[in-house]
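Visitor: With the sequence up front, the predicted model follows.
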Amino acid sequence: MAEWKEPFQPSDDAGAASAEEGVVILDGPFSVAVTFTPEAALRTSENLRLAAKLAREQRERALRKEVSGL
């Protein structure tokens, strides 16, 4: 089992999704596994996509601010 890092650090490892018997299984880092209905998986994928886009924009904005010295 992976050790929990303090303070929390985001994982660089992507989750792996599979479909079995009509449900979607998401295996993630730190031995996390979640099952979804197909509908919930589609909503989750959209939520993840939007959150990832926002997080990337936030990170890029912070880097620009750091480089500009503001």
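Guide: Received, thanks.
Visitor: Relative to F36, how far out is the residue nearest in space to the middle of the chain?
Guide: In the chain, the residue lying closest to the centroid (Cα atoms, centre = their mean) is L48, at 6.2 Å. From L48 across to F36, the span is 12 Å (Cβ to Cβ, to the nearest Å). Placement of C-beta: from N, CA and C, glycine included.
Visitor: what helix or strand does the residue nearest to the centre of the chain sit in?
Guide: Using DSSP states H and E, L48 sits in helix 38-68.
Visitor: Who are the packing partners of that helix?
Guide: strand 23-27 (3 or more Cβ pairs under 8 Å, 6 or more residues apart in numbering; DSSP states H and E).
Visitor: To what extent is F36 buried, counted in neighbours?
Guide: 17 (other Cβ atoms under 10 Å).
Visitor: beta partners of it?
Guide: Bridge pairing for F36 (DSSP bridges) gives the partners V24.
Visitor: Tell me the confidence at it?
Guide: pLDDT recorded at F36 is 98.
Visitor: you'd agree it is up against G22?
Guide: No - in this structure F36 lies outside contact range of G22 using Cβ atoms under 8 Å: 10.8 Å.
Visitor: Retrieve the pLDDT associated with G69.
Guide: pLDDT recorded at G69 is 78.
Visitor: scratch that, I25 is what I was asking about
Guide: Confidence at I25, expressed as pLDDT, is 98.
Visitor: how much space between it and V67?
Guide: Counting by Cβ to Cβ, the gap from I25 to V67 is 41 Å.
Visitor: higher neighbour count, these two?
Guide: Remark: of I25 and V67, I25 carries more neighbours, 16 against 8, as counted by other Cβ under 10 Å.
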